[in-house]
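**Student:** got a sequence here, can you build the structure:
(chains A and B)
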2 protein chains.
Amino acid sequence: MSRIINVGAAQLGPIAPEESRVSAVNRMIELLKQAKDRGVKLVVFPELALTTFFPRYYEEDISRMDHHFERGDMPTPETRPLFEKAKEYGIGFYLGYAELTEDGHRFNTSILVDDTGRIVGKYRKVHLPGHAEYDGKRPWQHLEKRYFEPGDLGFPVWRSMGGIMGMCICNDRRWPETYRVMSLKGVEIVMLGYNTPDVNTSAPEPNHLRMFHNHLVMQASAYQNSCFVVATAKAGIEDGCMLIGGSCIVQPSGEMVALASTVGDELITYACDLDLAKMGKETVFNFAKHRRIEHYGIITEQTGVVEPAE
Amino acid sequence: MSRIINVGAAQLGPIAPEESRVSAVNRMIELLKQAKDRGVKLVVFPELALTTFFPRYYEEDISRMDHHFERGDMPTPETRPLFEKAKEYGIGFYLGYAELTEDGHRFNTSILVDDTGRIVGKYRKVHLPGHAEYDGKRPWQHLEKRYFEPGDLGFPVWRSMGGIMGMCICNDRRWPETYRVMSLKGVEIVMLGYNTPDVNTSAPEPNHLRMFHNHLVMQASAYQNSCFVVATAKAGIEDGCMLIGGSCIVQPSGEMVALASTVGDELITYACDLDLAKMGKETVFNFAKHRRIEHYGIITEQTGVVEPAE
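**Tutor:** Coordinates of the predicted model:
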């Protein structure tokens, strides 16, 4: 049986603060239609795909940000048309959104919906970047550590749509641990959405490195874990803040096999042969043969750096 | 006090099976002289820098390979001139060689010698690639798992020559765990030597990917661990087997700041500002703030892949 799955990264241009969820969903449905026309079976939408990237704004009382969060189970009334259209087309999808649980916890979340419309799994962002308090030195804020709790679901994977699927979100992609945990469970496609300002506001750094780092970490991780990475940006100028595009599909060789060319709504696609992931998993990156966990201990025992004595 | 250290990667061209250690050492001394002329304070020589890359040959009785190993403490009589010249010049160095211990263990080893001639530390290669038994399907063998035991020293780091120094060897560079263990100890410069055939003999793969992967993993790891990587090849055609060059110095941004242009004896140098490593360690990759070890458990609990149930 063929293990080729035609995948799309459905990049979104900016979502202005005043843009409604209905409008954002309609833009995603438009990209779904393009996906259907190109025979795509799985589409990855961005992180926080229903709203503007609100962690750039400071609110002392975090509950005043709750209008950016989704309450209760998916689909919500505003997202139901996306779920229905995807089911009609037989297309699975990854969707990022801000989740407010019934008991009052806030997460940066993604879900995987399969090609029959079933919600297969949920992921909550583990590596929250930025800061928790107002930082007057920044041109805008990056308050993910204020508005979200770190994810509490780990890095699960799911057998779905013919492969072993995993999810992460934005900054997670910079951390080798993210992919490693999933590849120890056999992941074949890692899906992720991101919102990445084109300026590093925490440290001086040439702006062009933002795109370089975006691709570098995903290409290396695809290779080192012998998996596909499908990565989708929300891009362009949101309320004066430029977000990088560069949505891409990376194959297990680490080569980028599809790349967005705009910072607007744009679908890129690639027919991923999941058997390509096997080659690395059975040879250079045959973990059972080559990993030496007896020397890795501090990776899980120790959070921060402990330098040798002076 | 300045934390700039001028570093060199001293690539070697091929060492033929019949070439003597004295000849190899003389070539390294020649590169040391160039290093002195360019004000270099630390030079990285390749993996197994004293002999041909002998794991390409099969011997049923592994002790018949012992003439490729160094017995007893460094410096040996043949390597002493290198140690003396380096001390005279005030240059520290990394040297890779095959080590046969007094009690009969064989390791793929590197040592770090500081600019006063003191042996600061030893590393034994943890991630041995290849195979242990003769493989008739390969054009040549890659029998590191036959001739060496996996390293038993972990991934130590040392304060030396003004920075925090770490070592690894060849295939170690493809494994994110290698760098992560060292960066949890604050490593600022990771030194490594390699011998990498320009054909993947374990799996079908376009040959150009060999150089792409070589650089990809080191660039990503320099960025993800905010450290310099100084990587030195033994390159060119050894007994009919082509080894890639591509020796390079990578800065903590992940950018390659020096790159060899030949597959012969060649010195590349770069003045590394160790304070550049600080920026990442204090911001995007501030481990204490951002790592979530509660979700990393299987990285150290589990060696091989465990897929989800069908």
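
**Student:** next up, the contacts around residue A:144.
**Tutor:** Neighbouring residues of residue A:144 by CB atoms under 8 Å, 6 or more residues apart in numbering or on different chains: A:55, A:108, A:125, A:128, A:129, A:130, A:171. In short, each C-beta sits where N, CA and C put it, glycine included.

**Student:** now do stretch A:101-119: distance from first to last residue.
**Tutor:** Criterion CA to CA, to the nearest Å; first-to-last residue distance in stretch A:101-119 is 17 Å.

**Student:** same deal with stretch A:166-174?
**Tutor:** 16 Å.

**Student:** repeat for stretch A:35-55
**Tutor:** End-to-end distance of stretch A:35-55: 30 Å, with CA to CA as the criterion.

**Student:** in that stretch, what counts as buried?
**Tutor:** Buried residues in stretch A:35-55, counting neighbours by 16 or more other CB atoms under 10 Å in any protein chain shown, are found at A:35-36, A:40-55.

**Student:** those residues in strands, which ones?
**Tutor:** Mapping the buried residues of stretch A:35-55 onto strands (DSSP state E) picks out A:42, A:43, A:44.

**Student:** tell me the bridge partners for the last one.
**Tutor:** The one in question is residue A:44. For residue A:44, the beta-bridge partners under DSSP bridges are residue A:9, residue A:94.

**Student:** let me see the contact set for it.
**Tutor:** A:7, A:8, A:9, A:10, A:93, A:94, A:191, A:192, A:193, A:230, A:231, A:232.

**Student:** starting at the chain centroid, how far to the least confident helix or strand in chain A by mean pLDDT?
**Tutor:** Using mean pLDDT, DSSP states H and E, the weakest-scoring helix or strand in chain A turns out to be helix A:275-282, at a mean of 94. Taking CA atoms, centre = their mean, to the nearest Å, one finds the center of helix A:275-282 at 23 Å from the center of the full chain.

**Student:** then stretch A:160-178?
**Tutor:** That offset, for stretch A:160-178, works out to 7 Å (CA atoms, centre = their mean).

**Student:** for residue A:221, what is the enclosing helix or strand?
**Tutor:** helix A:209-225 (DSSP states H and E).

**Student:** what is the orientation angle of that helix with helix A:275-282?
**Tutor:** 70 degrees (axes from the mean of the first three to the mean of the last three CA atoms, to 10 degrees).

**Student:** rounded mean pLDDT for helix A:209-225, please.
**Tutor:** On average, the pLDDT along helix A:209-225 is 98.

**Student:** and that helix, how far out from the chain middle?
**Tutor:** 13 Å.

**Student:** can you give the strand pairings for the next helix or strand after that helix, parallel or anti for each?
**Tutor:** Downstream of helix A:209-225, the next assigned helix or strand under DSSP H and E is strand A:228-233. Partners of strand A:228-233 in the sheet, by DSSP bridges, are strand A:189-194 (parallel), strand A:248-250 (antiparallel).

**Student:** quick one: buried residues of strand A:228-233?
**Tutor:** By 16+ other CB under 10 Å, the buried positions in strand A:228-233 come out as A:228, A:229, A:230, A:231, A:232, A:233.

**Student:** surely the third one is in contact with residue A:192?
**Tutor:** Yep, that's residue A:230 we're talking about. Yes. At 7.4 Å, residue A:230 counts as touching residue A:192 under the criterion of CB atoms under 8 Å.

**Student:** what's the overlap in contacts for the two?
**Tutor:** A:44, A:94.

**Student:** sorry, back to before: okay if I get the ones in strands among the buried residues of stretch A:35-55 as CSV plus pLDDT?
**Tutor:** What follows is those, written out as CSV (pLDDT from 0 to 100):
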residue, pLDDT
A:42, 98
A:43, 98
A:44, 98
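
**Student:** thinking again about what came up before, let me know the closest of the buried residues of strand A:228-233 to residue B:207.
**Tutor:** residue A:228 (22.4 Å; CB to CB).

**Student:** wait, that closest one touches residue A:277, no?
**Tutor:** Yes. With contacts counted by CB under 8 Å, residue A:228 reaches residue A:277, the gap being 6.8 Å.

**Student:** geometric centre of chain A: which residue is closest?
**Tutor:** What sits nearest the mean C-alpha location of chain A, by CA atoms, centre = their mean, is residue A:192, with 2.2 Å.

**Student:** surely it touches residue A:170?
**Tutor:** Yes. Assessed by CB under 8 Å, residue A:192 is found in contact with residue A:170 at 6.9 Å.

**Student:** any common contacting residues for the two?
**Tutor:** residue A:47.

**Student:** returning to what we had before: any chance of the buried residues of strand A:228-233 in CSV, with pLDDT too?
**Tutor:** Below are the buried residues of strand A:228-233 laid out as CSV (pLDDT from 0 to 100):
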residue, pLDDT
A:228, 98
A:229, 98
A:230, 98
A:231, 98
A:232, 98
A:233, 98
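
**Student:** JSON lines for those, including distance to residue B:155?
**Tutor:** Listed next are the buried residues of strand A:228-233 as JSON lines, based on distance: CB to CB, whole Å:
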{"residue": "A:228", "distance to residue B:155": "30"}
{"residue": "A:229", "distance to residue B:155": "27"}
{"residue": "A:230", "distance to residue B:155": "32"}
{"residue": "A:231", "distance to residue B:155": "30"}
{"residue": "A:232", "distance to residue B:155": "35"}
{"residue": "A:233", "distance to residue B:155": "35"}
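
**Student:** and which of these is nearest chain B?
**Tutor:** For the buried residues of strand A:228-233, the minimum distance to chain B (CB to the nearest CB) is 12.4 Å, reached by residue A:229.

**Student:** any low-confidence regions in chain A?
**Tutor:** By pLDDT under 70, the low-scoring segments of chain A are A:1.

**Student:** got the residue ranges for the helices in it?
**Tutor:** Along chain A, the stretches classed as helices by DSSP state H are A:21-37, A:80-89, A:144-147, A:176-183, A:209-225, A:275-282, A:287-290, A:298-301.

**Student:** contacting residues around residue A:31?
**Tutor:** By CB under 8 Å, 6+ apart, the contact set of residue A:31 is A:8, A:10, A:12, A:43, A:45, A:265, A:267.

**Student:** contacting residues for residue A:177?
**Tutor:** Counting by CB under 8 Å, 6+ apart, residue A:177 has contacts A:299, B:180, B:291, B:295, B:296, B:299.

**Student:** look up how far chain A lies from the third one.
**Tutor:** Counting by CB to the nearest CB, to the nearest Å, the gap between residue B:291 and chain A amounts to 5 Å.

**Student:** what distance do you get for the residue nearest to that residue when sequence neighbours are not counted to residue B:293?
**Tutor:** Using CB to CB, 6 or more residues apart in numbering or on different chains and skipping residues adjacent in sequence, the residue nearest residue B:291 is residue A:303, 4.9 Å away. Distance, residue A:303 to residue B:293, by CB to CB, to the nearest Å: 5 Å.
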